[in-house]
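Visitor: build me a structure from this.
(one chain, ligands or ions: 1)
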Amino acid sequence: MSLLELDGVETYYGESHILEGVDLEVEEGEVVALMGRNGVGKTTTLRSILQLTPPREGSIRYRGEELIGKETHEVAEAGVGWIPEDRRMFSQLTVEENVRIAVPKGSDVEAGLELAWDAFPDLEEIRDRDAGDLSGGQQQMLAIARGLVGENDLLMVDEPSEGLAPLIVEAVHDALESVAGETTILLVEQNLPMALDLADRFYVLDHGVVVDSGDADAVSTDSERLRRHLSA
Ligand SMILES: Nc1ncnc2c1ncn2[C@@H]1O[C@H](COP(=O)(O)OP(=O)(O)OP(=O)(O)O)[C@@H](O)[C@H]1O
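Guide: Below is the predicted model:
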C-alpha cells in the first residue's frame, strides 16, 4: 500500500476546472517531486490533498484511508504536514517560539528544539529574533525546521527555493536532504536541478493532468523529455 495515492482527482475553483484527473502515488520514505509550469495545478494538488480545496471527483487515500470528506485538521492530525509557498509563520513570535509551537501536543518540546537546532545550527544562533525580521532564506529554514519537528509522516513542501539567492537555495537543498532522512516528502519545485537531485521519482503536471513521471535518475535537467513540458 502506498503512503499516499491520488486517483482521478478533479478539483475546481468555482467553475474553473483546475485538476482534470490527477493520478499519483507516494511511497513511504520517498522524495517525490511534482513539477510543471506556472499555473498548471501544483499548489492546487497540495490544497486538494489537505482538503483546503476539496476535490469534486476521484479519491485520495492516505495509508489506505480516504481523505476526501475529511476536515483539513483531520488530515493534519493523520500526519500530513504542509510548508506553503508563503512560508507561513508567526512573525511576532521569535524563532524559538515558532519551533516550540510546531511540536505536536503531548510531544517532548525540548527534544523538538534539539532536533531543530541540530539540523539548523544557524537558526539556533538567531533563536531570540522575531521571525518577522528574518531574511527570506532564514524564513524558509524556519519553515522547514517547523515541518521537521511537526512529526509528520508526509511533508508537502511548496516551492521552497522560490525567490531565494543561489547560495541560500543550496542551504535549503541541504536542509531538505536532512529532513528527507526522517520524513516522506512531496516537493513542488520549479528549480529542476534541486528537484531532481532531491527526488527519487518525479511527476510532471500540465493543464491539470500528469503528463510524465518516472525515476529522477532517469532524466537530466536538460533532457528534451522534461524541457517539452517545463519550458515556457
Ligand atoms: N483561489 C483561486 N481561485 C480561482 N482560481 C485559482 C485560485 N488559486 C489558483 N487558481 C488558478 O488555478 C490554476 C492553478 O493554480 P496553482 O496555484 O495550482 O498552480 P501552480 O502549478 O501551483 O503554479 P504556481 O507555480 O504559479 O503556483 C491557475 O490558473 C490559477 O490562476
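Visitor: interface residues of the protein facing the ligand?
Guide: The interface of the chain toward the ligand, taken as Cβ under 6 Å from any ligand atom, is made up of Tyr13, Ser16, Ile18, Gly36, Asn38, Gly39, Val40, Gly41, Lys42, Thr43, Thr44. Quick note: C-beta positions are derived from backbone N, CA and C, even for glycine.
Visitor: distance of Asp108 relative to Leu123?
Guide: Taking Cβ to Cβ, to the nearest Å as the measure, Asp108 and Leu123 are separated by 19 Å.
Visitor: and the residues of the chain next to the ligand, which of them are in helices?
Guide: Members of the residues of the chain next to the ligand lying in helices (criterion: DSSP state H): Lys42, Thr43, Thr44.
Visitor: among the helices and strands of the protein, which has the poorest mean pLDDT?
Guide: When the helices and strands of the chain are scored by mean pLDDT, DSSP states H and E, helix 224-230 comes last with a mean of 84.
Visitor: how about the helices of this structure, start to end?
Guide: Counting by DSSP H, the helices of the chain are 42-49, 72-77, 95-100, 109-119, 121-125, 136-149, 166-180, 192-198, 224-230.
Visitor: need the contact partners of the second one.
Guide: This points to helix 72-77. Identification of contacts with helix 72-77 by Cβ atoms under 8 Å, 6 or more residues apart in numbering yields Ile49, Leu50, Gln51, Leu52, Tyr62, Leu67, Trp82.
Visitor: quick check: the third one vs Glu65, distance?
Guide: Separation of Gln51 from Glu65 (Cβ to Cβ): 13 Å.
Visitor: for the residue nearest to the spatial centre of the chain, list the residues it contacts.
Guide: Most central residue of the chain, judged by C-alpha distance to the mean C-alpha position with Cα atoms, centre = their mean, is Val157 at 1.6 Å. Going by Cβ under 8 Å, 6+ apart, Val157 touches Ile83, Ile144, Gly147, Leu176, Ile185, Leu186, Leu187, Val188, Glu189.
Visitor: and it, bridged to which residues?
Guide: Partner residues in beta bridges with Val157, using DSSP bridges, are Ile83, Leu187.
Visitor: quick one, grab the pLDDT at it.
Guide: Val157 is assigned a predicted lDDT (pLDDT) of 95.
Visitor: cool, and His173?
Guide: Confidence at His173, expressed as pLDDT, is 91.
Visitor: from Arg201, how far off is the nearest residue to it once chain neighbours are set aside?
Guide: Setting aside the residues directly before and after it, His173 is nearest to Met194 in space (Cβ to Cβ, 6 or more residues apart in numbering), at 5.2 Å. For Met194, the distance to Arg201 (Cβ to Cβ) stands at 15 Å.
Visitor: so those two - more neighbours on which side?
Guide: Neighbour totals were compared for Met194 and Arg201, and Met194 leads with 21 against 18 (other Cβ atoms under 10 Å).
Visitor: contacting residues around that one?
Guide: Applying Cβ under 8 Å, 6+ apart, the residues near Met194 are Ser161, Val169, Val172, His173.
Visitor: for Val169, same thing?
Guide: Contacts of Val169 by Cβ under 8 Å, 6+ apart are Ser161, Asn191, Met194.
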